[in-house]
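**Q** Sequence plus predicted model, see below.
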Amino acid sequence: MKDIIVGNRVPYEYFVACGVGESDNCTHAGSFHLALADAGIERYNLMTYSSILPAIATEVEKPIGYVHGSVLETIMARVDGEKSERLTAGIQYGWLIEGESEKKYGGLVVEYMGHGTEQEAQVELDEYLKELYSKADQQRLRLENRRTIIKSVTPSKKYGTTLVALGFVSYVWPVIEGKKGMR
């Protein structure tokens, strides 16, 4: 038998989803689930990533049909709260471009999860991304093509949730060959 050695999978295609939910019952099985339904991702099991996009990541349309219970890996901003409390979630991302080659190096993503207005969230997201970019090799990489997605709600019911997510739907699996000690 010959083994196939694969490297870490690399997220390839993603979509944007946002939603809000309100419930008089509870948060998790109530407003959060209703926010997932509003976003069209309620039948997935969710996992969350940190805030990095690979260079190959490409935005696609949100899938209309998917297998109930399948896993959706996300970068997500989520805020839960109570009646009359503003709940604002947002994501901003931008692409690092290599100066000489103009090649996409990868992306940086930041999340806002708070109680500010959409305008306040925008200001915070700008600052967050600026700080994250400050750790990049700015001599070689510049930040371009920023995109911001913000969703806000002030629930009239007892509980509320708002969320914004990037959901990954396909991956590249690098095949590694010639490792010593393998069959």
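**A** Arrived safely, thanks for sending.

**Q** Distance of the spatially most central residue of the chain relative to Gly99?
**A** The chain has Ile75 as the residue nearest its centroid, 2.5 Å off, counting by CA atoms, centre = their mean. Distance, Ile75 to Gly99, using CB to CB, to the nearest Å: 26 Å. Just so you know, the C-beta spots here come from the backbone N, C-alpha and C atoms, and that holds for glycine as well.

**Q** now do Ile41
**A** 37 Å.

**Q** neighbour-wise, which of these two wins?
**A** Ile41 (23 against 13; other CB atoms under 10 Å).

**Q** which residues touch stretch 140-148?
**A** Under the criterion CB atoms under 8 Å, 6 or more residues apart in numbering, residues 90-99, 105, 108, 122, 125, 129, 133, 136 lie in contact with stretch 140-148.

**Q** What are the boundaries of the strands in the chain?
**A** 5-6, 10-23, 45-48, 52-54, 58-59, 71-82, 87-98, 104-114, 141-153, 159-172, 175-176 (DSSP state E).

**Q** where does the protein have low pLDDT?
**A** 1, 178-183 (pLDDT under 70).

**Q** Mind doing that once more with 90?
**A** Within the chain, the ranges that satisfy pLDDT under 90 run 1-7, 51, 64-65, 99-100, 136-138, 175-183.

**Q** related to what we said a few turns ago, quick check: which of the strands of the chain is nearest to Gly65?
**A** Closest approach to Gly65 among these is made by strand 159-172 (11.9 Å; CB to CB).

**Q** which parts of that closest one are buried?
**A** Tyr159, Gly160, Thr161, Thr162, Leu163, Val164, Ala165, Leu166, Gly167, Phe168, Val169 (16 or more other CB atoms under 10 Å).

**Q** now swap in stretch 26-33 and tell me
**A** Buried residues in stretch 26-33, defined by neighbour count with 16+ other CB under 10 Å: Thr27, Gly30, Ser31, Phe32, His33.

**Q** ok, and what's touching that stretch?
**A** Taking CB under 8 Å, 6+ apart as the rule, stretch 26-33 contacts 21-24, 42, 78, 80, 155, 157, 159-161, 163.

**Q** tell me which of the residues you listed is nearest to Gly69?
**A** Taking the contacts of stretch 26-33 together and measuring to Gly69 by CB to CB, the closest member is Glu42, at 11.2 Å.

**Q** and of the strands of the chain, who's closest to Ala37?
**A** strand 10-23 (7.0 Å).
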